[in-house]
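Undergrad: please find the sequence and the predicted model below.
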Amino acid sequence: MTANADANADASALVELRGVTKRYRAPGAPDVEVLRGVDLRVTAGETLAIVGPSGSGKSTLLNLMGALDRCTQGEVLLDGVNLQQRSERELAAVRARDVGFVFQLHHLLPQCTVRENVLIPTLAAGPGDRSEPPADRAQRLLHRVGLGERMDFLPHRLSGGERQRAAVVRALINRPRLLLADEPTGSLDQHTSDALASLLLELNREEGVALVVVTHSLPLAGRMHRTLLLRQGRLAPPEGGA
């Protein structure tokens, strides 16, 4: 097995990337190859940090895993289903049902309350698992993350950390199996960053959701089960660790 492959190859993968290459084309310019034959396996319920320099393709990799983009070559599989072979409509259903996203900026709608923002993804998800009504789940999770007294506030009345907590609840509302976080602490101070990292790990355990974090923060990466370095389009264990 090469250094570009994941050490968990003997485990059943929730997400698997096989020889994934991603190139971008610009008129009159050479192709830019961001990812070069990346292999990766993420198992159900695990936590993984992907680190690397700016422009190394970390967000691109996350977008491929979350069915927001398609690779140029290779395969991206979610629970054994090849996303490359799915239509745009089918990919939209995958994103709504199976994947939750948390970004550096919270992207909450300013005209909607926290509760309404959290419930927006349920409109696109279909019936799915409704053992707990969406409104009840939203209320329970908002209480869980400390926003029970603020669920009817508009986003501008929240602190930066509170907005990110609301974004995390929104990402989890449809019970995804995979939670993708792109620099989730990048705009927060250290104390708030540490609190959000603890929350993500607690929810990972409580919800049983696999967590993949793209980050420049080595302290955040160090709290994940494992860390991989993306450099020159390839994944490998970071120097001095696995």
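TA: Nice, thanks for sending it over.
Undergrad: can you find the helix or strand in the protein with the smallest mean pLDDT?
TA: Sorting the helices and strands of the chain by mean pLDDT, DSSP states H and E puts helix 122-125 at the bottom, at a mean of 80.
Undergrad: so where do the strands sit in the protein?
TA: If you assign secondary structure with DSSP state E, the strands in the chain sit at 13-26, 29-43, 47-51, 73-78, 81-82, 99-102, 178-182, 210-214, 226-231, 234-236.
Undergrad: nearest to Phe153, of these?
TA: When the strands of the chain are compared for distance to Phe153 using Cβ to Cβ, the nearest one is strand 99-102, at 19.5 Å. For glycine as for every other residue, the C-beta is placed from the backbone atoms N, C-alpha and C.
Undergrad: contacts for that closest one, please.
TA: Contacts of strand 99-102 from elsewhere in the structure, counted by Cβ atoms under 8 Å, 6 or more residues apart in numbering, are 65-67, 78, 95, 164, 167-168, 170-174, 176-182, 184, 200, 209.
Undergrad: would you check how far apart the most centrally placed residue in the chain and His156 are?
TA: For the chain, the residue sitting closest to the mean C-alpha position, by Cα atoms, centre = their mean, is Leu180 at 0.4 Å. Note on Leu180: its distance to His156, by Cβ to Cβ, to the nearest Å, is 26 Å.
Undergrad: for the residue of the chain positioned farthest from its centre, give me the pLDDT.
TA: If you look at how far each residue of the chain sits from its centre, by Cα atoms, centre = their mean, the farthest one is Gly28, at 33.7 Å. Each residue has a pLDDT score; the one for Gly28 is 81.
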